[in-house]
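Participant: the sequence isn't on hand, but the structure is:
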DNA sequence: CGGCTTGGGTAAACCGTTTTAATTACCCGA
DNA sequence: TCGGGTAATTAAAACGGTTTACCCAAGCCG
């Protein structure tokens, strides 16, 4: 059926040991060039590929990484996955997809994969929900784990430079002449706090003290963004511009503004995190801060591989390329 | 380190054979209830999970499926993946992610996974590109394969009911009073042909003969959709409504219309395939045909598992739930 | 010419499970 | 008390590699 190392050995007139050692380039192997060639030729001729299971069993290593996210269809995580997949493949690792919520529900399939050694390490999305901590701790206890897209003081993690991104967005608005700038925070995660900090930083630098009313919960859905925007509109010292922590929330905000009879960007400017593909095709085309999501995926895999080599947990912030402002039609100088 | 079946056996005072047979419910095993309990208790106590590699080696089966798509970040495929992931997990299979383009470039990692038996079957996106055929044939020769989201006469495949979807979209326009209805075809695949057929069917039923000028290449990018729409606008017997084969192409079409000074839907109606999450937030909110993408993913896994059990290649069309029209703001009666 | 090195390999154990065939324990009736 | 028969359990091989220790032959040196 399958062609095994024994077949190759027979074909080359040697023992399996030699085949293994030639193919893996064992430095302590002494072998005549002629023999080596015979082995290589036989392997090529029979189109031999070693059994994944057999190697994994022997090495106690699967050459596979797990990737568990909440929603694969979320385009943001799609980008992260693309980067992670590429980096893993380059390093000779295969990527195994799982559903965090499944994990939370105690999905036996994935539990067995982790406990049974089907993966060597795990990339785990941290959403900031209550059940998260338990999942994270269980995983970490079993297997080297890296948290995606958020900072952690206790676990290895890879985050974006949210402070810089948020500062960039806010500065853009300041440069346009805005001083009353609101922020729709995502909530629940470290990065939410970072974005608040970046926003406040930029305001402080411009000599503006942030009004507490300028900070509202935007969540990460269209509905929550809609609600958050309405809240901002109701505040006495109403902002003339808003930094949105999440694209979907920003879309909800745009709807709320349209409903309130306000024109974007004439009456109010909006800039949001993450330059998703359709941002340019909303009306108005959304000004965004492009964050290096793919690079985050790459960095996560890199860090995880480091951990597999025995390094301790480390917190990485991906700053390259740095957050970039994509100017489109949703930002303009404040109404005079 | 890892707790193995031998540890459990020792702990329960039996041999590994008994442990294995108890845990796997071997029907020919005769065992005292008391012994069985001891084994189960030991397994639970030590938190034993069998080694994935060892079972895979023994069974010559990895309990894993491969999933190779062109672009994980594409929200359409995201939905398919979500469905596939869930179905695979339910069946006790784990999902392994790969990049078709990597495959085309001869990505060694994935080649080794396939050849080395790390996956039992493969779900493969068919894009209709030139290099596709080679990849498909290579994969099929090695491993049971199911093609995603398109029909094939030679290989196992799972497709959507594109004829019905296209007919539904066209009928909607007809019901609004349109007779001159264009179609932006995706091109390259079977499903593109199916959509043309559905469109033509609906027109014929309404007693309208399709003008050749009403059919243009829309591709699956914003740019190609833009170009295709311009082509349609230039035709002598210009349509008053358009069915778009792809959302991104439809977005490009909307832009082209805006540039041409035409108002959607007052001057021209647009309906497009696939109800992506942001369709409601484009301006105008896009009327779409929602296709059962998740169910496609589920059906693909189901078919693949069937094939693993020895059934021959089969072509499946997912009709449940049937295509649904989501009426939004981009369709209206034709200008009078 | 005997012992030592070195080149060129080989033999065998091992990784953790599963499974078939074989072995032991036990009970019962004669 | 001893077969015989069945119930309960075990031994061992096999899956396909990898790796360590070892072996043999040839050459070299003293």
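Facilitator: Cool, got the structure. All values derive from a computational prediction rather than experimental measurement. Residues are numbered from 1 along each chain as shown, chains lettered A, B, ... in the order given.
Participant: make it CA atoms for all contacts and neighbour counts henceforth
Facilitator: Noted.
Participant: chain center to stretch A:194-209: distance?
Facilitator: Its chain's average C-alpha position is 25 Å from that of stretch A:194-209, according to C-alpha atoms, centre = their mean, to the nearest Å.
Participant: buried set for that stretch?
Facilitator: If you call a residue buried by 16 or more other C-alpha atoms under 10 Å in any protein chain shown, then stretch A:194-209 has these buried ones: A:194, A:195, A:196, A:197, A:198, A:199, A:200, A:201, A:202, A:203.
Participant: in this structure the last one contacts residue A:209, no?
Facilitator: To tie it back to what came earlier, the one meant is residue A:203. Yes: counting by C-alpha atoms under 8 Å, residue A:209 is a contact partner of residue A:203 at 6.6 Å.
Participant: which residues of the stretch 151-300 of chain A lie near chain B?
Facilitator: In this structure, the stretch 151-300 of chain A approaches chain B at residues A:251, A:255, A:281, A:282, A:283, judged by C-alpha under 8 Å from any C-alpha of the partner chain.
Participant: who wins for neighbours among those residues?
Facilitator: In terms of neighbour count, residue A:251 stands highest of these at 27 neighbours, by other C-alpha atoms under 10 Å in any protein chain shown.
Participant: so what pLDDT did whatever residue of the stretch 201-336 of chain A ends up closest to DNA strand D get?
Facilitator: For the stretch 201-336 of chain A and DNA strand D, the shortest gap (C-alpha to the nearest atom of the strand) falls at residue A:309, measuring 15.3 Å. Taken from the predicted model, the pLDDT recorded for residue A:309 is 92.
Participant: with the one 10 residues further on instead?
Facilitator: pLDDT, the model's per-residue confidence, is 97 for residue A:319.
Participant: for it, give me phi and psi.
Facilitator: Note on residue A:319: backbone dihedrals following degrees, to the nearest 10 are phi -120, psi 10.
Participant: can you tell me how far it is from residue A:191?
Facilitator: Taking C-alpha to C-alpha, to the nearest Å as the measure, residue A:319 falls 14 Å from residue A:191.
Participant: so can I have TSV of the buried residues of stretch A:194-209 showing pLDDT, distance to residue A:289 and secondary structure?
Facilitator: Supplementary listing: the buried residues of stretch A:194-209 in TSV, determined by pLDDT from 0 to 100; distance: C-alpha to C-alpha, whole Å; DSSP: H, G, I helix; E, B strand; the rest coil:
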residue	pLDDT	distance to residue A:289	secondary structure
A:194	96	15	helix
A:195	96	12	helix
A:196	96	15	helix
A:197	97	16	helix
A:198	97	13	helix
A:199	98	13	helix
A:200	97	17	helix
A:201	97	17	helix
A:202	98	15	helix
A:203	98	17	helix
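Participant: would you turn these into a markdown table with distance to residue A:234?
Facilitator: Output for the buried residues of stretch A:194-209, formatted as a markdown table (distance: C-alpha to C-alpha, whole Å):
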| residue | distance to residue A:234 |
| --- | --- |
| A:194 | 25 |
| A:195 | 22 |
| A:196 | 20 |
| A:197 | 23 |
| A:198 | 24 |
| A:199 | 20 |
| A:200 | 21 |
| A:201 | 24 |
| A:202 | 24 |
| A:203 | 21 |
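Participant: tell me where chain A has strands.
Facilitator: For chain A, the strands defined by DSSP state E occupy A:64-69, A:94-99, A:121-125, A:145-148, A:157-160, A:181-185, A:215-217, A:241-244, A:269-273, A:287-290, A:315-318, A:324-326.
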